[in-house]
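Participant: quick one: sequence and predicted model below, then my questions.
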Amino acid sequence: MRTDAWHTRVDCGREVGAGFLISPRRVLTCAHVIRFSETAQITVRFPGRADLGALAASVTVHGGWRGGATDPGDLAVLELERAVPVTPAAFAPPGAEGRGAELVAYGFPRGYDEGMVASYRALPGPLISGEWVQLEALTGHGQPLAGGFSGAAATLADGRVVGMVTAVAGGPDTRVGRMLPTEVLARHWGGLGELVPTDGHRPELRRRLYGLVRRAERAGLPYRPDQVYVDAVGEFGPPLPEGGFGSLERVAAYVQWEVDDPEAVARLADLLDRLLAAEPPAGPARAPEAPGSPGAPTPAEPPPDWSPIVVEIEHSGAGADQVTVEVFAYRDGHRRPVGARRLPRGGVRAYVQERIDEAFTQLAPGADELLTFVLPRDLLNEPVARWARGADDSTPLGCAHPLVVADRSRHRSGGHRHQLAKKWQQRDADGGTAPQRVACDTEERPPHLRLRLRAPEVVMAAYAIAPGAAGAHFEVGLLAPVPVLLWPRAGCPGPGHPGDCAGTAFLDRVAESVTGVPPAQLPRLLLDLRESAAATDEPDQHWAHDVQLMWDDPRCFPEPTACDHSPVA
């Protein structure tokens, strides 16, 4: 084995594992090695380059491993604090390990901080559970796989990588283990497809495809990944796999690895090229009007390039008081896990405050942050905008950052995301509009309201009362779907109340403030309004003091949802 400098040691709290450099700043390892990254710092060292010292690292990609020894997706991609002057690992074509070749792994068993080398071979036969290749020692002596080898590259004699060691079987003297071969690694992280040579796909074609994928995800094309796949493989191509695709990157990896058609990769690349070059679809035909006339459309401003920090909360099923909280940060179109934990409701606020503060370290310098709380329907009226920024900072989150909420079911629905993306693209071209009003005492039947809200030009609805009081009328707004919903968290109690209607006053002020404002600018506008309300002598009396903004642009959240938890280290 060559003394390649790209082998790494990965430390995370009490866990020690291995990894390997795949780009100047990225290291591939096992997800279970960094399972304690919420509470412990990740450090990476290069045994072959001691002069580089210990580098801090953060998790940018998680394969979805859920914590069990037989759970799939046990991989993670780490980003180093800085690029290193080390040539990354090179990959062999898929299946190279099945030709009886000796495989070697560089790991860090207890007592050998500098590392040890283990020699194994891959057993022929099917993948175990469609996930793992079984490894077997070539001899009965020598270094067995043990704790500290998880995440090590399994390499051929020439140093090319064919997989990653994930587990050993049995006791400390057992000489059997498992690895994830490259094709399975690429299944869980599509970005690996660009690095691994595959039959019939020239390197320049792979680079072109994944470059177009990155451009398309940054551009937020309003086309579902499933639709792109079907168009790329054609009507006689393989059917859409069960569950479909969560991102264009997964489409690219599937076409590269699973579609038995050498032209499919080129067709997919050409299709993305055409979609990127296409003009956005025109909005509904309208009569020409003089600029500045009352009916003339407001010129569209370019939407902000938001970098979301997402807090997802859902009921855990472990009890009425238990919820699961996951926090992510988006950078360069990729979702980076920051933390995940099951908590009693009373512990959510403090946990979220800490994780949001940590999430800011994952954003690009100068990025426009957007705090997004993805909530179950019964928690949409939670006062998250009024939560304090931190234990030592009482500034409300909604007065410190642009903050919006989203309905969790709608956020994860492919059909709704497709409809919402179409409406956003149209409004980017048409500019601002007036909100559709839903009064507290409305007698409008829900089917008629649905017809009104489904009109192509409707992107915003304002409710005079909170979701619980609005009932079926609010659900119509969610399912229509309307990209932007506003309502007062408190105030008007509902139909039939005595005296002046606070809800009507709220609708009037909303119309004055948001009509003509491009919907993409609303999170920033609401931040300004909340700050203005807080600065008044009687902030509780200001109409925007307790406004809740649901703002749903699927183009801001291109990554699929995944669980972020994580057999031997």
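Facilitator: On my side now, so go ahead. Numbers count the residues shown, from 1 in each chain.
Participant: spatially nearest residue to D357 (excluding sequence neighbours)?
Facilitator: Residue nearest to D357 in three dimensions, not counting chain neighbours: G390, with 6.3 Å by Cβ to Cβ, 6 or more residues apart in numbering. Yep, even glycine has a C-beta here, placed from its N, CA and C like the rest.
Participant: and A266, by the same measure?
Facilitator: L205 (6.2 Å).
Participant: using the three-state scheme, assign that neighbour.
Facilitator: Per DSSP: H, G, I helix; E, B strand; the rest coil, the local secondary structure of L205 is helix.
Participant: for it, give its distance to S23.
Facilitator: Per Cβ to Cβ, to the nearest Å, L205 is found 19 Å from S23.
Participant: more neighbours: which of these two?
Facilitator: For L205 versus S23, the count of surrounding residues by other Cβ atoms under 10 Å is larger for S23: 17 against 14.
Participant: tell me where the stretch 101-250 of the chain has strands.
Facilitator: 103-107, 116-122, 133-137, 153-155, 161-168, 176-181 (DSSP state E, counting those that start in this stretch).
Participant: count of residues packed around the closest residue to W551 other than its chain neighbours?
Facilitator: In space, and not counting its chain neighbours, W551 is closest to V404: 3.9 Å by Cβ to Cβ, 6+ apart. By other Cβ under 10 Å, 25 other residues sit near V404.
Participant: next secondary structure element downstream of the helix or strand encompassing V404?
Facilitator: Assigned by DSSP states H and E, V404 belongs to strand 403-407. Counting by DSSP H and E, the next helix or strand C-terminal to strand 403-407 is helix 408-411.
Participant: residues of that next one that come out buried?
Facilitator: R408, R410, H411 (16 or more other Cβ atoms under 10 Å).
Participant: so which elements touch that helix?
Facilitator: Where contact means 3 or more Cβ pairs under 8 Å, 6 or more residues apart in numbering; DSSP states H and E, helix 408-411 is packed against strand 306-315, strand 368-375.
Participant: apply 6 Å and report the result again.
Facilitator: Contacting helix 408-411 under the criterion 3 or more Cβ pairs under 6 Å, 6 or more residues apart in numbering; DSSP states H and E are the following elements: strand 368-375.
Participant: the helix or strand of the chain with the lowest mean pLDDT versus strand 403-407: what angle between them?
Facilitator: Using mean pLDDT, DSSP states H and E, the weakest-scoring helix or strand in the chain turns out to be helix 414-430, at a mean of 77. Counting by axes from the mean of the first three to the mean of the last three Cα atoms, to 10 degrees, helix 414-430 lies at 140 degrees to strand 403-407.
Participant: picking up where we left off before, could you say which of the strands of the stretch 101-250 of the chain is packed most deeply?
Facilitator: Here the criterion is mean neighbour count by mean count of other Cβ atoms under 10 Å, and of the strands of the stretch 101-250 of the chain the winner is strand 153-155, at a mean of 28.
Participant: show me what it packs onto, helices and strands only.
Facilitator: strand 103-107, strand 161-168.
Participant: what is the mean pLDDT for it?
Facilitator: The average pLDDT within strand 153-155 is 93.
Participant: where does the stretch 51-200 of the chain dip in pLDDT?
Facilitator: Per-residue confidence for the stretch 51-200 of the chain (pLDDT under 70) gives these ranges: 99-100, 140-144, 169-174.
Participant: same thing but 90
Facilitator: 60-73, 81-87, 92-102, 109-148, 157-158, 167-178, 183, 186-200 (pLDDT under 90).
Participant: quick one: the helices in it?
Facilitator: With DSSP state H, counting those that start in this stretch applied, the stretch 51-200 of the chain shows helices at 182-188, listed in chain order.
Participant: repeat that for the stretch 201-350 of the chain.
Facilitator: Remark: helices assigned in the stretch 201-350 of the chain by DSSP H, counting those that start in this stretch are 203-219, 225-233, 248-258, 264-277, 348-359.
Participant: right, and those helices - which one's nearest H473?
Facilitator: H473 lies closest to helix 348-359 among the helices of the stretch 201-350 of the chain, at 28.8 Å (Cβ to Cβ).
Participant: need the contact partners of that closest one.
Facilitator: With contacts defined as Cβ atoms under 6 Å, 6 or more residues apart in numbering, helix 348-359 is touched by I309, V311, V325, V327, A329, V338, G339, L343, W387, G390.
Participant: can you check stretch 232-249 too?
Facilitator: Residues outside stretch 232-249 that contact it (Cβ under 6 Å, 6+ apart) are 190, 213, 216-217, 225-226, 251, 259, 264, 267-268, 271, 559-560.
Participant: now do the end-to-end distance for it.
Facilitator: Stretch 232-249 has an end-to-end distance of 14 Å (Cα to Cα, to the nearest Å).
Participant: just the buried ones from the contacts of helix 348-359, in PyMOL syntax?
Facilitator: Only the buried entries of the contacts of helix 348-359 go into this PyMOL selection, using 16+ other Cβ under 10 Å:
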select buried, resi 309+311+325+327+329+338+339+343+387
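Participant: now render the contacts of helix 348-359 as a markdown table, adding pLDDT and distance to S247.
Facilitator: Listed next are the contacts of helix 348-359 as a markdown table, based on pLDDT from 0 to 100; distance: Cβ to Cβ, whole Å:
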| residue | pLDDT | distance to S247 |
| --- | --- | --- |
| I309 | 95 | 19 |
| V311 | 96 | 21 |
| V325 | 93 | 23 |
| V327 | 93 | 20 |
| A329 | 91 | 17 |
| V338 | 88 | 19 |
| G339 | 87 | 22 |
| L343 | 89 | 29 |
| W387 | 95 | 31 |
| G390 | 87 | 33 |
